[in-house]
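Participant: Give the three-dimensional model of this entry:
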Amino acid sequence: MTVTEFTYCAIDFETANEHRGSPCAVGLTRVESGKVTDSIVYLMRPPEEVDYFDEFNIGLHGITPTMVKKQPRFRERLPEIMDFAKGYPLVAHNAAFDLGVIADASRLSGREVPTLDFACTLVLARKTYDLLSYRLPFVAEAAGVKIENHHDPAEDSRAAAEILLAIARHHGAMDFDELCATTICKMGRLTDMSRQGFVSASSQRLQIPEANPDADPSHPLYGSEIAFTGTLQTMSRQQAFELVSQFGARPEIKVTKKTDFLVLGEQDPLRLRPGAKLSAKAQKAQDLRAKGQKIELLGEDDFLRMITP
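Facilitator: The predicted structure is shown next:
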């Protein structure tokens, strides 16, 4: 499926030393209507107060004082960065760092911190893939994105841009609103006065009720773990959670090795991954069944019969 509504600018800073406000380079990759349209790298001198290079940082990214000697300082580069981004939301892998660079370097330079909306592929990756490490190279591999020179700002910003698109396709999301709703996240926002990170949105999170300890132990749902996929026609997901808990079951957000039942609601084909016939949860249930786990798949009608006296 395409992700035609996604428009943003991926960003990756490299710093000269241990101070977050010491940017010496930035890579920017612009995505418009779901396609990479342009990219650029700017070298710069850090703000005067933190204008020195640490050997450790040089070893990571290979940028030296000589390379930036004749470049503008961050205060002059910032307007160019903002112009390239066109006011689009920013996307970064570990956005807390990159947006922190903008905030700290702006303040050290005596500039007002720009107002920016942003998303984080590190947070999204943790909600999408089961990995040993969520460093950029590992996430890129999981997302099917090539990255050959980690810590090159051009490579890293391009990788972050493509990872966001891959994660959106994985969840069947067409825009940031759908992606945030699916992953239960809230867009981050940076202003001169505050910063709200790209984090789990507790106000949007489904409430998982405790299983009723006094439920009838003979009921087929009693003591089970139950997940849902797709849209239920007869009730909301939260109502379904509340209902099954009354029968002594524990509702769950994801399909896991402990899942006993998966209720199949109506599937929107546009939300499936390219070429997929099943939702990600249904596919995982099928895979676990193939490995010997006893997961029963229920249609909404079967589910209703099970809970109707």
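Participant: Doesn't residue 239 lie inside a helix?
Facilitator: Yes. Assignment of residue 239 by DSSP: H, G, I helix; E, B strand; the rest coil places it within a helix.
Participant: measure it to residue 252 for me?
Facilitator: According to Cβ to Cβ, to the nearest Å, residue 239 and residue 252 sit 16 Å apart. C-betas here are computed from N, CA, C, even on glycine.
Participant: Show me which of those two is the more surrounded one.
Facilitator: Using other Cβ atoms under 10 Å as the criterion, residue 239 and residue 252 rank with residue 252 on top: 19 against 11.
Participant: Quick check: chain neighbours aside, which residue is closest to that one?
Facilitator: Excluding its sequence neighbours, the residue lying closest to residue 252 (Cβ to Cβ, 6 or more residues apart in numbering) is residue 227, at 4.9 Å.
Participant: pLDDT value on the one you found, please?
Facilitator: Here the pLDDT value assigned to residue 227 is 93.
Participant: Is it bridged to anything, and to what?
Facilitator: Beta bridges link residue 227 to residue 252, residue 262 when assigned by DSSP bridges.
Participant: can you pull the contacts of it?
Facilitator: 251, 252, 253, 254, 255, 256, 259, 261, 262, 263, 281 (Cβ atoms under 8 Å, 6 or more residues apart in numbering).
Participant: For PyMOL, write the selection for the buried entries among the residues you listed.
Facilitator: Listed next is the PyMOL selection for buried residues among those, using 16 or more other Cβ atoms under 10 Å:
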select buried, resi 251+252+255+259+261+262+263+281
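Participant: Now the two most distant members of the contacts of residue 227.
Facilitator: Between any two of these, the greatest separation by Cβ to Cβ is 15.0 Å, found for 256 and 263.
Participant: Backbone dihedrals for residue 167, both of them.
Facilitator: Main-chain dihedrals, residue 167, degrees, to the nearest 10: phi -70, psi -40.
Participant: wait, what's in contact with it?
Facilitator: So residue 167 contacts 121, 124, 125, 128, 143, 179 (Cβ under 8 Å, 6+ apart).
Participant: And the strands in the stretch 101-250 of the chain, which stretches?
Facilitator: With DSSP state E, counting those that start in this stretch as the criterion, the stretch 101-250 of the chain has strands at 116-120, 185-186, 188-190, 195-196, 199-200, 225-229, 250-252.
Participant: can you list contacts of the last one?
Facilitator: Contacts of strand 250-252 with the rest of the structure, by Cβ under 8 Å, 6+ apart, involve 208-211, 224-228, 240-241, 244-245, 258-259.
Participant: Distance from that strand to the middle of the chain?
Facilitator: Taking Cα atoms, centre = their mean, to the nearest Å, one finds strand 250-252 lying 23 Å from the centre of the chain it belongs to.
Participant: before we move on, what about the second one?
Facilitator: With Cα atoms, centre = their mean as the basis, the distance from the averaged C-alpha position of strand 185-186 to the chain average is 9 Å.
Participant: If you count contacts, what does that strand end up packed against?
Facilitator: With contacts taken as 3 or more Cβ pairs under 8 Å, 6 or more residues apart in numbering; DSSP states H and E, strand 185-186 sits against strand 199-200.
Participant: which helices and strands does the strand it packs on pack with?
Facilitator: Partner elements for strand 199-200 (3+ Cβ pairs under 8 Å, 6+ apart): strand 185-186.
Participant: Pairing partners for the strand it packs on, with directions?
Facilitator: strand 199-200 (antiparallel).
Participant: ok, and what's touching the strand it pairs with?
Facilitator: With Cβ under 8 Å, 6+ apart as the test, strand 199-200 has contacts from 123, 184, 185, 186, 188.
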